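Everything below, folded, please.
(chains A and B)
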Amino acid sequence: MSDDLDDLKRALDASVPTPDADKKAAAIALAMKNFDRAQESTDDTRQTSDRPAGGLFRGVRNMFANFSTRGVMGATTALAAVTLMAFIPTMQGHMPELPGTPVQQVKAPEPEYSGGGLLSVQSAGQGATSAPMMIARDAASADLATAPRPAPSQRKMAPANMYSGGAGNSGVLLSMPQAESMPIINDRPVMQEADTEAFPDADANPIKVTAEDPVSTFSIDVDTASWSILRNSLTGGVLPPEGSVRIEEMVNYFSYDYPAPDDGQAFASTVGVQQTPWNADTQLVHIALQGALPAERPPMNLVFLIDTSGSMNQPNKLPLLKQSFRLMLGQLSAEDSVSVVTYAGSAGRVLDPTPATERETILAALDNLRAGGGTAGQAGLQQAYSTAAEMAEEGEVSRVILATDGDFNIGINDPEELEKFIADKREDGTYLSVLGFGRGNLDDATMQSLAQFGNGMAAYIDTLAEAQKVLVDQLTGALVPIADDVKIQVEFNPATVAEYRLIGYETRALRREDFNNDAVDAGEIGAGHQVTALYEITPVGSPARLTDPLRYGETAAVSDSDELGFLRLRYKAPGEDESQLIEAPISADQAPLADAQFAAAIAGFGQLLRGSDYVTDWNFADAISLAQSARGEDTYGYRQEAVTLMRLAESLSR
Amino acid sequence: MNVTDEALAKAAAQGDRAAFSVLVERLYDRIFGLSFRLTGSRAEAEDLTQDICAALPTKLQSWRGDGKITTWLYRITVNASRDRFRRRATHAKAAEGWGDWELARQADINESAERADWLLEAMCALPEDLRETLALILDGQSQSDAAKVLDISEGTVAWRVSECKKRLKAIKEAEV
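Numbering: from 1, shown residues only, chains lettered A, B, ... in the order given. Now for the predicted structure:
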């Protein structure tokens, strides 16, 4: 290509939109359907035509994608082709063996493309509103020809399954029996193509020199989505995208044996100091918050805002969502009420506020949900909030629970306006939590920021076990706030600490002056929640120091204190405007906290996944042995799962 | 990619469903990319791509198996887009300037955000043969591949490309 076209090419490349995942899925489903029909009509020797288009082929497709992009197998063409054949029986045990179709030259009739082209058109007398297009080559495509196509102006609004033949392809899943009989309680959900996923792009926190910048400020974070995404990636056979690894969320996924707060206190804060596992010459300052668990929780008004767009039409999305909410209903009582709003194409309330004990009504409403159409996120959100306002009564907690695969695009013209809207509602006392389902177009960044603005948590549900953890075991914590706008500020003592580094919390950094400004929003803590923050500090005089002291800079600090630093913590009681301050010194001889080793192992694991320079020659094997030794009682097996995932990551990273 | 598109296409033409599935998955974005470059509209490109995917199982039977599958597929895409433009032109005539055509045009104008920059606009102003050639070149096809897709000589492609440059320049200057 000539040089002066290069600029044009770049300009055009940049403006080519990413294919819409729904449209793509619909087109591919249609192609598969026509493929099956073509097989039926042209060849009866094969047994491939009547198999359901389940997760199997998606799985194979993914395997292909993963193999080829990750280079897990440096396979030749032939080997990969054999692999494809070999995997099919493994993945679907009851299936008859696939005929190993020999690859050979196709004896085909003359190509037809030179004549009338692909699409023969009936052009006369068609209005723009219904311009049927014939694909009249073959009886196989006959059903395509009969369905009217929406006009361009309507097309935007039309649900995906209005497309010719679309009803059939989305019907595949819809006609399947509902949740009870769908075995999706597996540890290995089929992973979708990571085609439109978006993760926040935050660099790891750098080393700070105490003499220059002694104060570190951040907002707490109780999300756990990052851990579930990581698990989903690893069990799918790939290392997680670096942007999806948020170390604070990984550490906070696990529960630790922290001291409980005194009566009347919202939470207890404790600090421990321990040796850094990946560096013998530095220390970890471990800050732990333990939220109070009220004996009785206030009645809750929950509005489920459920994404029923076409992309939710996968076993690990809408059906898993229904199962998850079914689990959660068991935890609610007669004082709690539930309402369901859906958004897809147009927003609608499918269940008016109903006491949570009317299980049959609620379950029937959930079972009636069908996926299809685009995503009208903003309208849905507005309707959910107005429903929540309707339900609100004094002393009750109102919360909108947004369940989506992250395809939250149509109808949001202005993300900032949406965030402002959510923030306003937060002021009115309605919180927002976000549950992510499925992979493929998970917009992790948007989920994060919505939950952050809505004072809620973002969790990612990939298995029913995760739903159990988030919506049953930790339901009260997830839904009943006990402290809002919790900010942490640590001032390090330059006389004792040469350098420090906050591990994780990259997306939660606050400015120093924000700490005392009550107008600045920060994270909330729910009942019983735990928050862990880790600083790696380099003591003065340590050989691990990465920066040299300045020769002409400020003279050494005048403080003669031997404290490492000073912890300040601000929070607001829910619904209040003024924050309260907690202060505590961090002394050098503080004992390590309970479970500190396990938290450190997870933090180290996260840094390995992010490719951090600071862990030097520490590796996955070290993380595994540290986590193993610190596993403790592990009643629910979460920590054992962590070790398993570390081992997977170790293998995949080779 | 470990398995070539061509090997997948052959297996698919033989009735291998899994191979076909992998193939469509791979090719969708490429067809969509070219369709967008040809039409300059996301909605048009989506429709075009869906039609091509839907017809692919049957079409595949007529693939001779020589050369790159993308060359063959791009030819199908170019032909399909030609049909689309012709159909539109027919509407335009039938509607005598107003009515349906105008409605469709207004809808297109509303999509202007997706219609990208002036390049796409300018490309729409080019005659069909030049636009197709430019779209293929800008999609990253070599001149020789583009020649195969369009079934014309390489010399003609080279001439068209330089003609495109001249005209784009003229359009640009006319705007300033």
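
Quick check: which element contains residue A:565?
strand A:563-572 (DSSP states H and E).

C-terminal to that strand, what's the next element?
Next in sequence after strand A:563-572, counting helices and strands by DSSP H and E, comes strand A:580-587.

now the angle between strand A:563-572 and that next one, please.
Using axes from the mean of the first three to the mean of the last three C-alpha atoms, to 10 degrees, the direction of strand A:580-587 lies 160 degrees away from that of strand A:563-572.

Residues touching strand A:580-587, excluding its own?
Residues outside strand A:580-587 that contact it (C-beta atoms under 8 Å, 6 or more residues apart in numbering or on different chains): A:269, A:271, A:273, A:285, A:490, A:562-573. C-betas here are computed from N, CA, C, even on glycine.

and chain B, which of those contact it?
The subset of those within reach of chain B, by C-beta under 8 Å from any C-beta of the partner chain, is empty.

mind checking how far the most centrally placed residue in chain B is from residue A:435?
Geometric centre of chain B, nearest residue: residue B:35, 3.8 Å, by C-alpha atoms, centre = their mean. Note on residue B:35: its distance to residue A:435, by C-beta to C-beta, to the nearest Å, is 35 Å.

ditto for residue A:544
From residue A:544 over to residue A:435 the distance is 41 Å, taken as C-beta to C-beta.

For those two, work out which one has more neighbours and name it.
Ranked by neighbour count (other C-beta atoms under 10 Å in any protein chain shown), residue A:544 and residue A:435 place residue A:435 first, with 29 against 18.

hey, what's the more buried one bridged with?
Beta-bridge partners for residue A:435, by DSSP bridges, are residue A:403, residue A:459.

Do I have it right that it meets residue A:470?
Yes: with contact defined as C-beta atoms under 8 Å, residue A:435 reaches residue A:470; the gap is 7.4 Å.

tell me the mean pLDDT over the helix or strand containing residue A:327?
Applying DSSP H and E as the criterion places residue A:327 in helix A:318-329. Averaged over helix A:318-329, pLDDT sits at 85.

Repeat that for stretch A:540-552.
Mean predicted lDDT for stretch A:540-552 stands at 82.

Could you list the low-pLDDT ranges of chain B?
Across chain B, the ranges flagged by pLDDT under 70 are B:1-2, B:87-118, B:175-176.

the domain parsing of it - what is it?
Following automatic domain parsing, chain B resolves into domains at B:1-97, B:117-176.

how far does the longest one sit from the chain's center?
From the chain centre to the centre of domain B:1-97 is a distance of 8 Å (C-alpha atoms, centre = their mean, to the nearest Å).

cool, and the last one?
The chain centre lies 12 Å from the centre of domain B:117-176; the measure is C-alpha atoms, centre = their mean.

if you skip the residues just before and after it, what's nearest to residue A:24?
Sequence neighbours aside, residue B:28 is the residue nearest to residue A:24 in space, at 5.4 Å (criterion: C-beta to C-beta, 6 or more residues apart in numbering or on different chains).

pretty sure the one you found is touching residue A:26, no?
No: the pair residue B:28 / residue A:26 is not scored as a contact, 10.8 Å apart, by C-beta under 8 Å.

before we move on, back to that, could you check which helix or strand contains the residue nearest to the centre of chain B?
Residue B:35 belongs to helix B:17-39 when assigned by DSSP H and E.

just residue B:75 next, same as before
Per DSSP H and E: residue B:75 is located in helix B:69-94.

Does residue A:234 touch residue A:649 like I think?
Yes: using C-beta under 8 Å, residue A:234 is in contact with residue A:649, at 5.8 Å.

Tell me which residues of stretch A:23-41 come out buried.
Neighbour counts over stretch A:23-41 (16 or more other C-beta atoms under 10 Å in any protein chain shown) mark A:23-39 as buried.

shared neighbours, residue A:435 and residue A:470?
Common neighbours of residue A:435 and residue A:470 (C-beta under 8 Å, 6+ apart) are A:459, A:461.

low-confidence ranges in the stretch 501-650 of chain A?
Those would be A:553-559, if you go by pLDDT under 70 across the stretch 501-650 of chain A.

Show me where it has its strands.
In the stretch 501-650 of chain A, the strands defined using DSSP state E, counting those that start in this stretch lie at A:523-526, A:530-539, A:563-572, A:580-587.

Mean neighbour count added to these, as JSON lines?
Output for those, formatted as JSON lines (neighbours: other C-beta atoms under 10 Å in any protein chain shown):
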{"stretch": "strand A:523-526", "mean neighbour count": "25"}
{"stretch": "strand A:530-539", "mean neighbour count": "23"}
{"stretch": "strand A:563-572", "mean neighbour count": "21"}
{"stretch": "strand A:580-587", "mean neighbour count": "14"}
